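J.: sequence unknown, structure follows:
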């Protein structure tokens, strides 16, 4: 077969100069001029199921939108490939969030008519190349696929395909009967009556532990010989540009480069092909910065980690660069940030906008504080500036406890806010670009008794679980608040909690102090959603996490507690918080709602 391949080289040499001018080569290696790659009249939209995925023959589609629809229908766990599409870059440019140009090279081996009488392929001692016959062969092929990181295929599909003239499924069988290699040929004439009499080669791979040197070449030459016998004009293959060893083999066998490109869908299987290499410092990012970096890289936005400990990124797309720190970006003004930073200012702005806030006052340390406590009954005492629940005391009901709570809050900020305690569930609503993206109920840390371990051990175990689930962001502190909550329930840390009893051990529901979060986006009452949008506009902030107390997320009653200028986007799966954040930063990378406008709606160009 080496000589067989060589007989086509003279024709190839004559065509090389023409290959630069033509994307495709016709029968016998003769160039086909532009216009010759129009879809055949009798074959529109040909899609071939190969088991591991589908081959989408782009030249058989008259409409790129139809190609996009096919690729969008890719089955989970499969890898579809569109080849021979005219102007594939145009399709990808319209759907950059969904599709990508495969970073592979396409090679072609011309198979001229004179090769019909050529001698048989060179024999490889100890290996016989033959067609795939049955389920046992298909199982062996799948084992080789899996060992080499390839997508496997249903056994029945492989066997059924091998029994048609559309496929040439070949296997390399060792002397002991073991399958040590495989290749799949697709006959374009049998599939869609290809006027160019072409074919393609897919899934060439071997068992690297058992296959003798030359097994891959034996599979290629046998496939080429069988295609010559069928009268095919050429065989194409696609190979990753980084696979230099395979490329050397193909070029040695007489394959030459063509300008054909493949299009694939952005799916988890293909991630390494379209995602850039992880930037330096990526592994040191916290979950709140990493979710932003992941979404940006998925869209092809350049990510530079400028300060991993701080969660700071520099994102670049085209001529636009934006600095972010987790969900805080340059788009949030210093004024908007300061409005959220001081809870007293937040309250005033929201109240002036006609939104509901609890009654409150700034602590003065005089009779005014105790008078306010007597008026409302129970209060929450918190630093006017601070985060992560530090210095907050909930449920203060007497003057002595009030003085203690004010002293604690003042350790974190000299200005202290006293607010009426409102009953209800703790609700966090994330608003991005003045649209509600996610809502979640946050509940304080709690433990469940087993009748064996004391509360201290239960808290420690639950704290370890929360830390593991949040990358170390959530832990239950064992401090005076925890002891006070236990005492109110009639327990100490050394008591054994009865089996099945659930005990809340914190008053606040902050994630950082062991709180849990439960998505309620689909249940959020429209009046709460409207109020949250109004709050974001009043604060004039593009990204915010609003904290409210509600009787129930699906009921309209609510009061605003505070606004966070840097909400944790990673806490709200499965809601698309990171997607909407990157949409805000880089609107041009937003996934389009449709590929093209309806017929007649477009303009020139």
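T.: Sure, I can see it. The structure presented is a predicted model; accordingly, all values stated were derived computationally and were not measured.
J.: for residue 158, what are phi and psi?
T.: Dihedral pair for residue 158: phi -60, psi -50, per degrees, to the nearest 10.
J.: please name the nearest non-neighbouring residue to it.
T.: The spatially closest residue to residue 158, leaving aside those adjacent along the chain, is residue 138, at 4.0 Å (CB to CB, 6 or more residues apart in numbering). No exception for glycine: its C-beta is placed from N, CA and C like everyone else's.
J.: wait, doesn't the one you found sit right on residue 132?
T.: Yes: using CB atoms under 8 Å, residue 138 makes contact with residue 132 at a distance of 6.5 Å.
J.: of the two, give the one with the bigger neighbour count.
T.: residue 138 (27 against 24; other CB atoms under 10 Å).
J.: quick check on the more buried one: phi, psi?
T.: Backbone torsions of residue 138, given as degrees, to the nearest 10, read phi -60, psi -40.
J.: quick check: pLDDT value at residue 366.
T.: pLDDT for residue 366: 86.
J.: repeat that for the one 5 residues further on.
T.: Reading off the per-residue confidence, residue 371 sits at a pLDDT of 91.
J.: on the three-state scheme, it is what?
T.: helix (DSSP: H, G, I helix; E, B strand; the rest coil).
J.: how many neighbours does it have?
T.: 10.
J.: same deal with residue 134?
T.: Other residues close to residue 134 by other CB under 10 Å number 11.
J.: which non-adjacent residue is nearest it?
T.: residue 159 is the one closest to residue 134 (CB to CB, 6+ apart), at 6.3 Å.
J.: quick one on the thing from earlier: and for residue 138 and residue 132, which residues touch both?
T.: Residues touching both residue 138 and residue 132 (CB atoms under 8 Å, 6 or more residues apart in numbering): 158-159, 162.
J.: for the residues you listed, which one is nearest residue 447?
T.: residue 158 (52.7 Å; CB to CB).
J.: surely the closest one and residue 140 touch.
T.: No: if you go by CB under 8 Å, residue 158 and residue 140 don't touch, sitting 10.4 Å apart.
J.: who's more crowded, those two?
T.: Neighbour count, other CB under 10 Å: between residue 158 and residue 140, residue 158 has more, with 27 against 20.
J.: ok, the more buried one to residue 282 distance?
T.: 39 Å (CB to CB, to the nearest Å).
J.: where along the stretch 151-300 of the chain do the helices fall?
T.: Here the stretch 151-300 of the chain has its helices, by DSSP state H, counting those that start in this stretch, at 155-162, 188-192, 215-229, 244-252, 271-274, 287-298.
J.: now those helices in TSV, with mean pLDDT?
T.: As requested, the helices of the stretch 151-300 of the chain are exported to TSV (pLDDT from 0 to 100):
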stretch	mean pLDDT
helix 155-162	96
helix 188-192	96
helix 215-229	94
helix 244-252	91
helix 271-274	84
helix 287-298	93
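J.: out of these, which gets nearest to residue 107?
T.: Distance to residue 107, taken as CB to CB, is lowest for helix 244-252 among the helices of the stretch 151-300 of the chain, at 5.0 Å.
J.: by how many degrees do that closest one and helix 215-229 diverge?
T.: Orientation of helix 244-252 against helix 215-229 (axes from the mean of the first three to the mean of the last three CA atoms, to 10 degrees) gives an angle of 40 degrees.
J.: buried ones in helix 244-252, by neighbour count?
T.: 246-247, 249-250 (16 or more other CB atoms under 10 Å).
J.: widest-spaced pair of those?
T.: 247 and 249 (7.3 Å).
J.: what segments of the stretch 1-150 of the chain are strands?
T.: According to DSSP state E, counting those that start in this stretch, the stretch 1-150 of the chain carries its strands in the segments 47-49, 54-57, 81-83, 99-101, 104-110, 127-131.
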